[in-house]
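What follows is a predicted structure for the sequence shown.
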Amino acid sequence: MISVFIDIFRSHDLKGWAKALWLLLVLVLPIIGILAYFIFRGTRCVPSDSGHQYQEQSFRDYVQHVAAPSVPGRRAVQAR
């Protein structure tokens with residue numbers, strides 16, 4: 001239930017009234033509300049391991065930055 005609440009608040013594609021309806025449904029009828037949320041919104045909406053995803057994206061950005069070709073006319077700084 002907590003994961004569903006977190007996902008509802010983090011969803012940028014839901015408008016305020018839709019968030020309120022989902023919250024009301026999950027609070028009033030928890031089992032039915034959570035099942036309905038998974039059916040209509042899918043499990044892709046529930047956060048899995050956002051920290052891991054952030055680290056993976058950060059690593060990709062770093063590799064792209066380091067592997068990027070140098071700009072002509074600029075000297076590379078060498079470690080001494």
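Received, thanks.

Leu14: helix or strand, and which one exactly?
Here Leu14, judged by DSSP states H and E, is contained in no helix and no strand.

go on, Ile39?
helix 30-41.

Return the set of buried residues in that helix.
33, 37, 41 (16 or more other C-beta atoms under 10 Å). Where C-beta positions appear, they are placed from N, C-alpha and C, glycine not excepted.

Likewise for stretch 16-23?
Trp22.

For that stretch, list the C-alpha coordinates in CSV.
Provided in CSV are the C-alpha atoms of stretch 16-23 (Å, rounded to 0.1, in the frame of the first residue of the first chain):
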residue,chain,number,x,y,z
GLY,A,16,-4.5,16.2,-9.1
TRP,A,17,-8.1,14.9,-9.2
ALA,A,18,-6.9,11.5,-10.5
LYS,A,19,-4.4,11.3,-7.7
ALA,A,20,-7.2,12.1,-5.2
LEU,A,21,-9.5,9.4,-6.6
TRP,A,22,-6.7,6.8,-6.5
LEU,A,23,-5.9,7.7,-2.9
